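# Fold the following, please.
(chains A and B)
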Amino acid sequence: MRRLVIPMEKIRESDRDTIGSKAFSLHDIAEAGLKVPVFVCISTRAYEIYLESSSLKGSILLELSRKDIKDMRWEEMWDTSLRIRNMFLNTPMSEGLDRKLRGELNERFTDIPVVVRSSAPGEDSAMTSFAGLHESYVNVRGMDSIMDHIRLVWASLWSDAALLYREELGLEIEHSSMSVIVQELIEGDTSGIVFSKSPDNGEQMVIEAVHGLNKGLVDGDVDPDRWMIDRKTAFTIRHDKPSDRERLVVLSNTGTVLKKANSRTLSAVPLSENDINELYKIAQILERRFVQPQDIEWTIKDGVIYVLQSRPVTASEDNEKLWYLSLSRTIENLKDLRKKIENELIPAMISDVRILQSIKPALMDNRKLAREIVYRKRLYESWDKKYKDEFIPFAHGMRLFGQVYNDVIRPSNPYEFMDLLQGAGLLSIKRNEDLNRLAGKLRKNSSLLSKAKENEIGEDLRKDLEDIFSIFGHAGIFKTREAMLKHIVELASSPEKVIPEKKDISYMENRFISAFTEENRSFAEELLDIGRTSYRLRDNDNIYLGRIENQFLVLLDEAKRRVASRVTDIDIDDIGEEELLKALDHDNYIPAKKVRAKEESFSPMGMERIRQIRGQPAGKGLVTGIARVIVNNEDLFNARYGEILVCDSINPNMTFVVPLASGIVERRGGMLIHGAIIAREYGIPCVTGIPDATRIIKNGDEVTVDGYLGIVTIHRDSGRLQMGRFSLYLCSSQ
Amino acid sequence: MNVQKLAVLATFHEDGPYTNLVAFVASNDLKHIFFVTPVSTRKYSYLNTSRKASMMIDNRSNSENDFKDAMAVNASGAVTEVEKTDELRKLYLAKHPYLRDFFQSPSSALMRLEVKSYIVASSFQNVVEMTVT
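Next comes the predicted model:
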């Protein structure tokens, strides 16, 4: 029988597989005569007993069966991981397991703060070394909290980062397991890392150091001092100082906190020459012992160097995975990002749009127009890059808030936290309200509506239309006032879609804030604020980006208008941008038709027809309606009241159509994507993550969207179903 | 009946029979078998048209041993949608705790097969019929 808890002094070679790589490496480091903090291992057997004695295994399997992980986007992986994490949070250990673990841990860690760390078998081994895939928690105090954090570390076996690297890890429910290290916390005065061999220069070693705890360095909140050392001679080649040493991470009552450094720390270099020499020797010892270059974490307390962990140096070459891992941000990082977005980026976007709007394309000659098109395209591309680099990472604010909310509240619904974010003042909702207000005027007056259908509107309405168009008309989709009016007429011809009144969230908000100690309440408030801003900006930044894109598209339209007379037998919209530019530059050039990529024929297995697909339940409710498949922007203007929108990926510039829809089906998956956010704002059933949605579902198909279970059913040729108490076209939500 | 998690449900409609796998639980007296289905499914639709149904619960292992060891129970009767009471929730989730969200969803229905008779087949061709009273 494998032991549940193994103290550091009793670890043997045969325990390697049950205590995980990190723990075995710590054992090895201690065997090499180096100092490590006192620790015990909760073996993988405990994880297995926990899984076997609860319903978790079945629940995880059901969750993973929703969609093949290899087909998931990163948002879906995060969602899957969030749901699994919440299962662990809400599944207590059996009484027997809880008693045994407490008994063993009580002997060593009754009154001292500890670190609870992951140690997955296979992780950090010679073949697979990935930093930060699983969780570790610093400064955990009290037995109840230690027991809670053991479950959180177990849950991190299924973290989004672990799902991303599932193939490298061989992540499977039947074989994967997790060991946990419970370790004495060393409150270091100085901490850092050593790369025994620099990933950038094989002749050098890198040492990085910060005042306080390592967390600031690892999370990227504190800039370190950096030394480049000659591996052969131990000579310091270079010392790079940080721009400042203004911040450091120290212990708080529970966890850690980033605080301002005092004046002494500001000027002090964190390592002495002797420290650097000692760290050099440690790195040499560990590289020899593990027979390959090591990435070592250490801390110094009262002059003693403790090795916290050592793993092989690896460099992932998968940029996409690295980009995804970089999205995970700390609150400090998010606060900095928010300042940059609100104070620099959005004002700059607005300013760019204003400048572009002031330039009248009609006044440009053809060559100037061509140059302006090229300029605007580059400008849009540079903003699109900033969107990826700055705005998307800020969306992590919602996720960070959600994770903390679930940790402290432990709701049965892992998305309960979204109720606290909704109604945060989305520009897309404001646009829809403005459009709806105008539609309301037409709805009340049938003669006005009839005239508007003929594109005739009086002065008052024209002014209202102009007001909305001036704000939202430049956001990619509504290229003309006529297009906007057409949509308003459709809205006016349909019953009004009212945004359901939000439930009173003050109770939820109080409950969340009160769950923190007095000392940590300001953190909770800041986090909620970041969550709300992130929710709002995730939507709004697309509107701003859409306006910049529109300024490019408007010029393309002007170019088409000018060149149209040169082509007779082809549609001007079939001429690509490059050909248009050539035509603008050369007066007699006849542009050629764009060669369209042949659309891949989609016929899943001959006569096979997909009838029912499972995705993610992203907006509660059940509805049956006729599908409106959105392939291009023009399709949005053909949508009719009550239809189910089926789209590949909806963005806030497209969501003006949502008030007409009775349900949404989206190929892109996730609970926090635009389609899901707007569906919940309107209380519309929504299912996301349906692969090939726009190809499987055809315009006019009768479709049922089950936003509770995440199921989409296509009733093609099967006759009308008898849904008993659930009548067709029923839209029950919330 | 207590060990097996899935059963084959046969429903009936104008074009012929229709079968599915369902996660079931039987009442202690074996008079009722419960299962849950989304309301947008064929089986739910067919059961709304004709309540007649049968279920097969078996323990085959998909090996030659099945000809000697496998046992199949056929339960037939009429199916009704029933309220998801606390008592039935406990009964169902005790056997299928991981189906909590599925059970509780407003878009799923709890169905009860009122068993009229059981037919038990074992050892390849031994068949016993039992009527539920």
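# in the stretch 351-500 of chain A, which spans are helices?
Secondary structure of the stretch 351-500 of chain A (DSSP state H, counting those that start in this stretch): helices at A:366-386, A:392-394, A:396-409, A:427-444, A:446-453, A:459-472, A:481-492.
# Identify each buried residue in the longest one, please.
Taking 16 or more other C-beta atoms under 10 Å in any protein chain shown as the basis for neighbour counts, the residues of helix A:366-386 that come out buried are A:369-370, A:372-373, A:376-377, A:379-380, A:383, A:386. Using the backbone N, CA and C atoms, a C-beta is placed for each residue, glycine as well.
# what's the closest of these to chain B?
Comparing the buried residues of helix A:366-386 against chain B with C-beta to the nearest C-beta picks out A:Lys386 as the nearest, at 39.2 Å.
# so the nearest residue to the closest one once chain neighbours are set aside, which of the three states?
In space, and not counting its chain neighbours, A:Lys386 is closest to A:Leu345: 6.4 Å by C-beta to C-beta, 6 or more residues apart in numbering or on different chains. The three-state label given to A:Leu345 by DSSP: H, G, I helix; E, B strand; the rest coil is helix.
# and stretch B:51-69 with chain A, contact?
No: using C-beta under 8 Å from any C-beta of the partner chain, no contact is recorded between stretch B:51-69 and chain A, whose separation bottoms out at 11.3 Å.
# end-to-end on that stretch?
32 Å (C-alpha to C-alpha, to the nearest Å).
# Leaving out chain neighbours, which residue sits closest to the single nearest residue of the stretch 251-400 of chain A relative to chain B?
Nearest residue of the stretch 251-400 of chain A to chain B, counting by C-beta to the nearest C-beta: A:Arg399, 21.2 Å away. Leaving aside its sequence neighbours, A:Arg399 sits nearest to A:Trp78 (C-beta to C-beta, 6+ apart; 6.2 Å).
# Number of residues surrounding that neighbour?
Residues near A:Trp78, counting by other C-beta atoms under 10 Å in any protein chain shown, number 26.
# Need the three-state assignment for it.
Once three-state DSSP is applied, A:Trp78 turns out helix.
# mind listing what it touches?
Listed by C-beta atoms under 8 Å, 6 or more residues apart in numbering or on different chains, the contact set of A:Trp78 reads A:160, A:399, A:670, A:672.
# A:Asp539 too?
A:426-428, A:652, A:674, A:677-678.
# got it, and A:Glu577?
Contacts of A:Glu577 (C-beta under 8 Å, 6+ apart): A:373, A:377, A:556.
# Turn the helices of the stretch 351-500 of chain A into a markdown table, columns for mean pLDDT.
Compiled in a markdown table, these are given as follows (pLDDT from 0 to 100):
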| stretch | mean pLDDT |
| --- | --- |
| helix A:366-386 | 94 |
| helix A:392-394 | 90 |
| helix A:396-409 | 92 |
| helix A:427-444 | 89 |
| helix A:446-453 | 87 |
| helix A:459-472 | 82 |
| helix A:481-492 | 89 |
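# Can you show me the CA trace of the lengthiest helix in chain B as CSV?
The longest helix of chain B (DSSP state H) is helix B:86-95. Below are the C-alpha coordinates for helix B:86-95, written out as CSV (Å, rounded to 0.1, in the frame of the first residue of the first chain):
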residue,chain,number,x,y,z
ASP,B,86,-36.3,16.0,-4.0
GLU,B,87,-36.9,12.3,-3.4
LEU,B,88,-36.4,11.4,-7.1
ARG,B,89,-33.4,13.8,-7.4
LYS,B,90,-31.7,12.0,-4.5
LEU,B,91,-32.5,8.6,-6.0
TYR,B,92,-31.2,9.5,-9.4
LEU,B,93,-28.1,11.5,-8.3
ALA,B,94,-27.1,8.8,-5.8
LYS,B,95,-26.4,6.6,-8.9
